[in-house]
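In: Predicted model follows, preceded by the sequence.
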Amino acid sequence: MNCDEIREQLELNPSTARSPEVEAHLGICPDCRTFESRVAWESALLTATFKTRAVSEAYVDDLLATVRAQTVSRAPGGTQHRFNRWLALAASLVLLFGGYGYLGATGIVPWPWAILGLSGASDSDRGPEHAQPAPVEAIEVIHPQGRWLKPPNDAVYGDMFFKYYQPNPDVDTENEHISRFSADVDTAAYTLLRRYLRDGHLPPKEAIRIEEIVNRFRYEDPLPEKGPVALHVETATSPFSKRRHLLRIAVRAAEPVRPPANITVALDVSGSMALGGRFDLARHAIGRLIENLQPSDRLALVTFGGRTQTVLPLTGIAQRKSIVATLERLAVEPGGTDVTHLAAGLQQASRTALELFDSRRINRVILFSDGMASVQPADAANLARLVAPATSRGVTLTCVGVGIEHYNDYVLEQLANRSEGNYYYLDAKAETDRIFARHLAETLHAVAHDVRFTVDFNPDVVTRFRLLGYESRSVENNEPFSARSDGAEIGAGGTVTAIYEIRMAKDAKPGTLAKIDLHYLKALGGKPIQHQVRYELDRLGGSYKQASRALRLSAAVAWVGDVLRKSHWGKQTNLEELLPLLREAANEYAGDPDVAEFVNMIEKAQRIRASEE
């Protein structure tokens with residue numbers, strides 16, 4: 001859909017549920033976001049003016065439609081053009097108020113009083129036949145270029161941009177028996193979930209990406225005996241149905257000694273980074289990174305907003321004090337400017353990384369931003385093209401998101417996907433310690449690139465299958481892997497886990513249940529490597545309670561994600577039923593703070609959901 005078609009939909013439907021295609025477009029087009037805000041502002045203005053009085057809802061909706069229809073025309077080039085908008089709105093107000101006021105329950109009311117919801121008479125003066133309707137929730141209205149105090153779509157936070165991926169279907173193997181997807185090591189969805197729950201809210205379903213929650217945890221699968229990665233496969237009966245089984249596929253990366261690194265940091269210093277302390281959090285994270293780098297590492301620093309500049313050329317960490325002093329002098333651009341030239345910042349950082357590229361070192365760009373680009377190109381596809389010359393040479397990309405409200409998850413997530421990088425979200429200083437201290441080697445040092453899976457189920461043994469998560473990483477079966485460039489990297493010591501629900505044939509004969517192929521590169525541009533595991537039916541696991549703790553924990557986490565994103569399958573159970581399974585699995589990870597934290601998070605989610613019912 002082009003901008004004209006998107007804006008037509010927004011005219012007809014400015015504040016209620018929109019299609020995923022429209023939502024995705026709004027996430028990458030600042031012009032259409034501005035248009036949307038203007039339309040929503042006009043609707044809110046009229047609604048705040050009229051609906052506080054005893055005017056029928058149908059009358060107000062008709063008036064809104066009339067105003068929109070009469071203020072839109074087509075320019076010669078096909079672009080929507082608005083003319084005399086405020087004149088049309090003013091005329092509508094004058095017409096409604098009879099030229100002088102609003103026709104209230106007791107007669108003409110001066111329209112300034114009507115806007116305030118006042119009529120000059122009390123309800124008791126009017127009698128029971130003129131009793132006030134139930135009060136309408138207050139609507140905060142400010143200029144479209146300002147900030148919404150109350151989002152027009154009743155979201156918890158305004159200006160949060162996600163993409164909703166339709167959950168994977170339950171597939172009949174007679175129709176299709178091959179499943180392919182790229183690995184995903186991002187964990188942003190987990191920390192976004194934690195942020196929403198910490199603030200006392202359930203996240204929108206669009207924010208739930210099951211694989212990013214499952215892959216938050218360390219399942220302690222065995223390290224590879226040789227090579228960069230090891231592939232593990234196991235099964236167990238589902239606790240919900242004897243006919244259903246769980247298939248867990250896991251990859252564990254080796255933990256080699258990390259080579260020296262050239263790190264180029266791209267830091268967003270636009271006006272929006274002043275909101276909610278996000279700039280201070282990003283700067284703290286960079287400080288933790290500098291603190292934990294090795295003396296042989298080097299770091300460069302690029303800032304961008306309305307202006308892009310290299311504030312620190314590539315400098316050895318041996319000069320740590322000088323680097324920290326430069327970092328501490330940085331601030332958000334003055335004057336409250338909110339121009340975010342994300343493309344320029346990425347291009348400058350990738351050029352810096354490429355100019356100083358050293359094949360003996362890790363070469364990585366780390367982007368810190370809220371993703372709210374206001375200068376084109378602002379979409380993930382074109383942003384990824386800007387860094388492609390660097391990523392094709394072996395420069396890797398990490399996207400680190402900060403902020404709540406005025407935040408574009410979709411752009412950062414897709415930018416990382418398309419650049420074969422990783423994506424994190426910072427909700428607190430503790431998360432910076434995890435990414436840039438405890439797991440720094442995993443963050444920086446990719447030991448396997450372009451990691452992808454092919455699972456070929458035997459239709460004589462498995463009749464149906466469903467992959468939980470990885471919707472944004474799916475690969476069509478007729479599309480060669482070589483045609484894509486968004487397979488993920490796996491960092492040192494990292495893990496990737498995928499859970500399938502499968503239905504077994506009643507009269508299955510001994511044979512292969514599935515062939516699992518793991519494809520990856522040791523180095524970007526290198527020769528592809530393939531590992532295959534043929535999982536035989538005679539290895540089929542037993543009961544769920546006898547399964548490994550890794551299978552039970554990862555399956556329970558995936559089911560929780562299904563419930564939170566309100567999928568068809570998630571509606572067949574609830575958090576109350578899943579919490580015992582989660583607690584039982586967590587008991588075997590005693591001492592793991594991440595697992596304990598997740599149990600507490602889901603207990604809180606259950607309390608919030610119960611309070612809303």
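Out: Received it, and whenever you're ready, just let me know what you need.
In: partners of residue 367 in the sheet?
Out: On the basis of DSSP bridges, residue 367 is bridged to residue 266, residue 399.
In: tell me the contacts of the spatially most central residue of the chain?
Out: Closest to where the C-alpha atoms of the chain average out (C-alpha atoms, centre = their mean) is residue 409, at 4.1 Å. Residue 409 makes contact with 160-163, 188, 192, 207, 371, 401, 425, according to C-beta atoms under 8 Å, 6 or more residues apart in numbering. Any C-beta I mention is one placed from the backbone N, CA and C, and that applies to glycine too.
In: same question, residue 416
Out: By C-beta under 8 Å, 6+ apart, residue 416 lies in contact with 186, 397-399, 422-423.
In: cutoff 10 Å now
Out: Counting by C-beta atoms under 10 Å, 6 or more residues apart in numbering, residue 416 touches 184-186, 188, 367, 380, 384, 397-401, 422-424, 486, 488-489.
In: What about residue 359, how many residues nearby?
Out: Neighbourhood size, residue 359 [other C-beta atoms under 10 Å]: 8.
In: rewinding a little: any idea of the pLDDT on the residue nearest to the centre of the chain?
Out: pLDDT recorded at residue 409 is 94.
In: Quickly note the distance from it to residue 364.
Out: The spacing between residue 409 and residue 364, counted by C-beta to C-beta, to the nearest Å, is 21 Å.
In: same check, this time on residue 175
Out: Counting by C-beta to C-beta, the separation of residue 175 from residue 364 is 42 Å.
In: the more surrounded of these two?
Out: Higher neighbour count among residue 175 and residue 364: residue 364, with 22 against 8, using other C-beta under 10 Å.
In: Which parts of the stretch 401-550 of the chain are helices?
Out: Ranges of helices within the stretch 401-550 of the chain are 409-418, 429-433, 440-444, 549-564, based on DSSP state H, counting those that start in this stretch.
In: Then the stretch 151-300 of the chain?
Out: All helices of the stretch 151-300 of the chain, identified by DSSP H, counting those that start in this stretch, fall at 188-198, 210-214, 278-292.
In: Any idea what residue 181 is bridged to?
Out: Assessed by DSSP bridges, residue 181 has beta-bridge partners residue 453, residue 474.
In: Verify the contact between it and residue 475 for me.
Out: Yes - Residue 181 lies in contact with residue 475 (C-beta atoms under 10 Å); the separation is 6.0 Å.
In: and for these two, which residues touch both?
Out: With C-beta under 10 Å, 6+ apart, residue 181 and residue 475 have common neighbours 452-454, 487.
In: Turn the helices of the stretch 401-550 of the chain into JSON lines, including distance to residue 199.
Out: Shown next, in JSON lines, are those (distance: least, C-beta to C-beta, whole Å):
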{"stretch": "helix 409-418", "distance to residue 199": "16"}
{"stretch": "helix 429-433", "distance to residue 199": "15"}
{"stretch": "helix 440-444", "distance to residue 199": "26"}
{"stretch": "helix 549-564", "distance to residue 199": "15"}
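In: so which of the ones you listed gets nearest residue 244?
Out: Across the helices of the stretch 401-550 of the chain, residue 244 has its closest neighbour in helix 549-564 (11.2 Å, C-beta to C-beta).
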